[in-house]
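Asks: Fold the following for me, if possible:
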Amino acid sequence: MGEQPNPLYRDLQGARANMLRTRVLMQRADLAVAYFGPKYKQWNTASDAGFALASGLPLVLVRPAEHIHALKELDALATLTVETVEQAAQAIAYIFE
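Replies: Just a heads-up that it's a prediction; the model follows:
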């Protein structure tokens, strides 16, 4: 992508490359898992979760209890919501049992 004139354009080009990768991989996916950890505001995760839902993918939302209010709209759209990665893994394993 070459040298960028400033950090804003570098970030924008990086975001475009990441979205290209995300779109290609999601088109191959059977489901999506969106993980919201306890420490950071994860705008990229929210964007990817929205893209998965718009693409018709089932969404497993992983979020700690302290994020219930902040993620209530996404929670309402998710196929399944759990609080830990282990619970998400158990749910996915259930598909193959």
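
Asks: can you list the weak-confidence ranges in the protein?
Replies: Across the chain, the ranges flagged by pLDDT under 70 are 1, 40-41.

Asks: For it, which segments are assigned as strands?
Replies: Counting by DSSP state E, the chain has strands at residues 32-35, 59-62, 80-82.

Asks: Tell me how many other residues crowd the closest residue to Thr79 other than its chain neighbours.
Replies: In this structure, Thr79 finds its nearest non-sequential neighbour in Pro58, 4.1 Å apart by Cβ to Cβ, 6 or more residues apart in numbering. The C-beta positions use only the backbone N, C-alpha and C, and glycine is treated the same way. Using other Cβ atoms under 10 Å, Pro58 has 15 neighbouring residues.

Asks: hmm, back to that, deepest of the strands of the chain, which one?
Replies: strand 59-62 (a mean of 22; mean count of other Cβ atoms under 10 Å).

Asks: biggest helix in this structure by residues?
Replies: Assignment by DSSP state H gives helix 7-28 as the longest helix of the chain.
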